[in-house]
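**Q** how would this look folded up:
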Amino acid sequence: MIKLLGIPFDANSSFLKGPAQAPPLIRQMDSDGSANVFSENGLEINKSNLTDLGDMTFENQNPETVYRAIKQRVDRELEDGGNLICLGGDHSISFPIIEAYASHYPGLHVLHFDAHPDLYHHYDNNPFSHASPFARIMEKGLTASLTQVGVRTLTTHLREQGERFRVRMFEMKDLGYDFLQTLQAPLYISIDMDVLDPAFAPGVSHHEPGGMSTRELITMIQSISVPVIGADIVEYNPTRDLHNMTAMVAYKIMKEIAAKMMD
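**A** Coordinates of the predicted model:
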């Protein structure tokens, strides 16, 4: 059984707030959107194979308190059985999610789709910043490998961080599909919606031109040949969306990930 968990938190966003509003709008596409509940491989995504846990609530917006709450909740859900697709929220939520996953899946591998590598040592003096989750993950040695795909915003510091942590980084300018054959299991997927070109996903805080198309991302998800045991979809910002266009893209991606996890 796959569980869907909303994590409506964006206090670690460095530029614009808004991703905390995302989970309910992504879910709304299930009932109010123009799509149906089937994935492209013909699998129906419904209550028989996807349990919606609703959204987390937080007693305050303190980054460390929220980090602990997310980690504890994900750990508890994994102990109870089944795996999770988490809807953010800003990308800082991936740190506690992956830390919880690492305790249940030794040798965890992570596939990260993003315009940004999110490897800043500290950003705005906030170690929990949404620009830093993968620095924290790699510092703690939580993964056997980190593969980053679609990056197109490297600074000197970020490039050095990638080398320091031996990240397999596939920049958008060099991107192909061959890396998919080298992925290993158990595999966790983290998708920042700004990996897509803003033409396909305008509802994100950081518009970074030159990204992949929705079709390219879906094809990559469908082409993964190893078991996927969890995922998050983050950084959808409804305050910048047009006619729920990005919400529908996020819903579509959620269905395709769910179908892949059920392979």
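
**Q** Looking at strand pairing, list the partners for the closest residue to I93 other than its chain neighbours.
**A** Distances taken as C-beta to C-beta, 6 or more residues apart in numbering place I7 nearest to I93, at 4.8 Å, with adjacent residues excluded. Yep, even glycine has a C-beta here, placed from its N, CA and C like the rest. Assessed by DSSP bridges, I7 has beta-bridge partners G88.

**Q** Can you show me the strands along the stretch 1-150 of the chain?
**A** Using DSSP state E, counting those that start in this stretch, the strands found in the stretch 1-150 of the chain span residues 2-7, 50-55, 83-88, 109-113, 145-151.

**Q** I'd like those strands written out as JSON lines, with distance to Y251 added.
**A** Formatted as JSON lines, those follow (distance: least, C-beta to C-beta, whole Å):
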{"stretch": "strand 2-7", "distance to Y251": "11"}
{"stretch": "strand 50-55", "distance to Y251": "12"}
{"stretch": "strand 83-88", "distance to Y251": "10"}
{"stretch": "strand 109-113", "distance to Y251": "16"}
{"stretch": "strand 145-151", "distance to Y251": "20"}
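
**Q** Using a markdown table, lay out these together with mean neighbour count and mean pLDDT.
**A** As requested, the strands of the stretch 1-150 of the chain are exported to a markdown table (neighbours: other C-beta atoms under 10 Å; pLDDT from 0 to 100):
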| stretch | mean neighbour count | mean pLDDT |
| --- | --- | --- |
| strand 2-7 | 22 | 98 |
| strand 50-55 | 15 | 97 |
| strand 83-88 | 24 | 98 |
| strand 109-113 | 25 | 98 |
| strand 145-151 | 23 | 98 |
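
**Q** closest one to A231 among these?
**A** A231 lies closest to strand 83-88 among the strands of the stretch 1-150 of the chain, at 5.0 Å (C-beta to C-beta).

**Q** follow-up on the earlier one: list the contacts of the residue nearest to I93.
**A** 23, 55-56, 70, 86-89, 93, 97, 232 (C-beta atoms under 8 Å, 6 or more residues apart in numbering).

**Q** hang on, the earlier thing: determine which of the strands of the stretch 1-150 of the chain approaches V204 most closely.
**A** Nearest of the strands of the stretch 1-150 of the chain (C-beta to C-beta): strand 83-88, 11.6 Å.

**Q** Hey, what's the angle from that closest one to strand 50-55? Just curious.
**A** Angle of strand 83-88 versus strand 50-55, following axes from the mean of the first three to the mean of the last three C-alpha atoms, to 10 degrees, is 40 degrees.

**Q** can you list the residues that contact strand 83-88?
**A** 2-10, 19, 22-23, 26-27, 74, 77-78, 93-94, 97, 229-236, 250, 254, 257-258, 261.

**Q** sorry, back to before: of all the strands of the stretch 1-150 of the chain, which one is nearest Q61?
**A** The nearest among these, by C-beta to C-beta, is strand 2-7 at 12.9 Å.

**Q** Now that closest one - C-alpha only, CSV.
**A** The C-alpha trace of strand 2-7 is given here as CSV (Å, rounded to 0.1, in the frame of the first residue of the first chain):
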residue,chain,number,x,y,z
ILE,A,2,1.2,3.5,-0.9
LYS,A,3,0.4,6.4,1.4
LEU,A,4,0.0,10.0,0.4
LEU,A,5,1.0,12.6,2.9
GLY,A,6,0.8,16.4,2.6
ILE,A,7,3.5,18.4,4.3
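
**Q** Run the angle between that strand and strand 83-88 for me.
**A** 20 degrees.

**Q** so how many other residues sit close to P209?
**A** Burial of P209 is recorded as 9 neighbouring residues (other C-beta atoms under 10 Å).

**Q** likewise the one 4 residues further on?
**A** The local packing of S213 (other C-beta under 10 Å) involves 13 other residues.

**Q** Quick check, it in contact with L196.
**A** Yes - with contact defined as C-beta atoms under 8 Å, S213 reaches L196; the gap is 7.1 Å.

**Q** The lowest-mean-pLDDT helix or strand in the chain vs strand 2-7, what angle?
**A** When each helix and strand of the chain is scored by mean pLDDT, DSSP states H and E, helix 22-32 comes last, with a mean of 94. Orientation check (the same axes, to 10 degrees): helix 22-32 against strand 2-7 gives 130 degrees.
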